[in-house]
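> how does the following fold in three dimensions:
(one chain, ligands or ions: 1)
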Amino acid sequence: MKPAFQDLIPHNHCFGCGPQNSEGLKLKSYWRDDGSSECVYLPQPHQCAGPTGFVNGGIIATLIDCHCICTAMAHAYALAGREIGQGQPIWYVTGELNIQYLAPTPIDEAIKLVAKVENVSGKKMTLSCELMNVTEAPSTPYARATIMAIQVPSNWLKHADIPAMCEKS
Ligand SMILES: CCCCCCCCCCCCCCCC(=O)SCCNC(=O)CCNC(=O)[C@H](O)C(C)(C)COP(=O)(O)OP(=O)(O)OC[C@H]1O[C@@H](n2cnc3c(N)ncnc32)[C@H](O)[C@@H]1OP(=O)(O)O
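Numbers count the residues shown, from 1 in each chain. Down below sits the predicted model:
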């Protein structure tokens, strides 16, 4: 199996998708044969909404956000003809995130996110994403989203130049 996008993107302390964040969700995203990308995640009991049986909406937003932004970066490396993480780093951030929460997401089973790159225009990349049951049973997804990823230069990171307190040795 190929490494996850996140295992190839360097220096990532992101709460959702950074391997370097010891308190984070540590999402793993992979290409599928049809050109979309997928991420399987097992929610944790403390990530519940008010009712204990459903996943918190902010956690859902983070899962969608991180899976899509990492997909955008993976796609940009592919467009540049490079392996993810090779050569000059390519960074994207979230410009817009629009989510429809269509049905409560059960907390006691694995869920799957499937993202597609819809459009690339200059620095902007639009992606769609669905969050669903891991079996991809033909039912309504739990959530559906569109996201605008925006490519940023490396000096965007100057704002992030603080000690990595989230990284445990
Ligand atoms: C040692 C180093 C370690 C490094 C380690 C890195 C790890 C790397 C992994 C990261 C993985 C993260 C995965 C989670 C992703 C987050 O959580 S990122 C955090 C949340 N997002 C943010 O904080 C973004 C905050 N916003 C900004 O910084 C700036 O507004 C932006 C988005 C960079 C845009 O800046 P800007 O100067 O407006 O950009 P600009 O070049 O003028 O605009 C480009 C285009 O985008 C459009 N645009 C700008 N903003 C928006 C917007 N919000 N909506 C729609 N369109 C927009 C502009 O209109 C323009 O369009 P065109 O004129 O080209 O058609």
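
> who's in contact with T94?
By CB atoms under 8 Å, 6 or more residues apart in numbering, the residues touching T94 are 65, 68-69, 147-150. To be clear about C-beta, it is placed using only N, CA and C from the backbone, and glycine gets the same treatment.

> which ones among those are found in helices?
Judged by DSSP state H, the subset of those located in helices is 65, 68-69.

> what residues does this structure put near the ligand?
With the criterion set to CB under 6 Å from any ligand atom, the chain comes near the ligand through 9, 11-12, 14, 16-17, 65-66, 69, 91, 93-96, 122-124, 148, 150, 152, 156-157.

> drop anything exposed from those residues.
Those of these that meet the buried threshold are 9, 12, 14, 16-17, 65-66, 69, 91, 94, 148, 150, by 16 or more other CB atoms under 10 Å.

> among the ones in helices among the contacts of T94, which one sits closest to the ligand?
Ranked by distance to the ligand (CB to the nearest ligand atom), the ones in helices among the contacts of T94 are led by I69 at 3.8 Å.

> per-residue pLDDT of that closest one, please?
pLDDT for I69: 98.

> give me the buried positions along stretch 27-42.
27-30, 36-39, 41.

> could you pull up the mean pLDDT of that stretch?
Mean predicted lDDT for stretch 27-42 stands at 98.

> same deal with stretch 96-114?
97.

> now do the end-to-end distance for that stretch.
18 Å (CA to CA, to the nearest Å).

> how close does the most centrally placed residue in the chain sit to T146?
Closest residue to the average C-alpha location of the chain: H67 at 1.6 Å, with CA atoms, centre = their mean. Going from H67 to T146 by CB to CB, to the nearest Å gives 13 Å.
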